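**Q** Structure for the following, please:
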Amino acid sequence: MKHERTLYTIGFAQKKAEVFFNILKDNNIKRLIDIRNSNTNIYAGFTIRDNLRYFLKELVGIDYNENKLFAPTKEIRNRYKEDKNWDIYRKAYLQLLNERNAIESITAEIVENAVLLCTEPTADFCHRRLAAEYIAKHVKGLKILHL
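**A** Residues are numbered from 1 along each chain as shown. I've put the predicted structure just below:
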């Protein structure tokens, strides 16, 4: 039987800490991969990088990994905030991943039962969905599940 790997995604916005950590625990997440550019500002709430690293380990036994190669630039984000053109955002973000050679920082083992973290409450118009799809093109047998 072929082993299926799952890569999850989650956003913390509009989630209380209890809900957020229970979702991770209930899905047997092994590693959280933080792909946010701004993960140390006060607006990150309970997901401020250093606090999140501690909470993940102590509350649910999950490893924390930061990977800014998958974070969009401020310019790309700001442009999308202004024009709301998802197609332009998607193309710019994917070009950025290629320029950074971001996939070189990923292995099948790293993403197995891992979750990509971003801010948006849903993955519909969030770079974490694009990142997951990009990774899945390079890691064979990877299923994506948005939490």
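
**Q** Any buried residues in the longest helix along the chain, and which?
**A** Of all segments of type helix in the chain, defined using DSSP state H, the longest is helix 86-100. Going by neighbour count (16 or more other CB atoms under 10 Å), the buried part of helix 86-100 is Tyr89, Arg90, Ala92, Tyr93, Leu94, Leu96, Leu97. Quick note: C-beta positions are derived from backbone N, CA and C, even for glycine.

**Q** do stretch 18-37 as well
**A** So stretch 18-37, judged by 16+ other CB under 10 Å, has buried residues Phe20, Phe21, Ile23, Leu24, Ile29, Lys30, Arg31, Leu32, Ile33, Asp34, Ile35, Arg36.

**Q** from these, which two are the most distant?
**A** Distance extremes for the buried residues of stretch 18-37: the farthest pair is Lys30 and Arg36 at 19.5 Å, using CB to CB.

**Q** May I have the helix or strand hosting Tyr54 as CSV, with CA atoms only?
**A** For Tyr54, the element it lies in under DSSP states H and E is helix 49-55. Presented in CSV, the C-alpha positions along helix 49-55 are these (Å, rounded to 0.1, in the frame of the first residue of the first chain):
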residue,chain,number,x,y,z
ARG,A,49,7.0,33.7,16.4
ASP,A,50,8.8,33.1,19.8
ASN,A,51,5.5,32.6,21.7
LEU,A,52,4.2,30.3,19.0
ARG,A,53,7.3,28.2,19.1
TYR,A,54,6.9,27.8,22.8
PHE,A,55,3.1,27.1,22.7
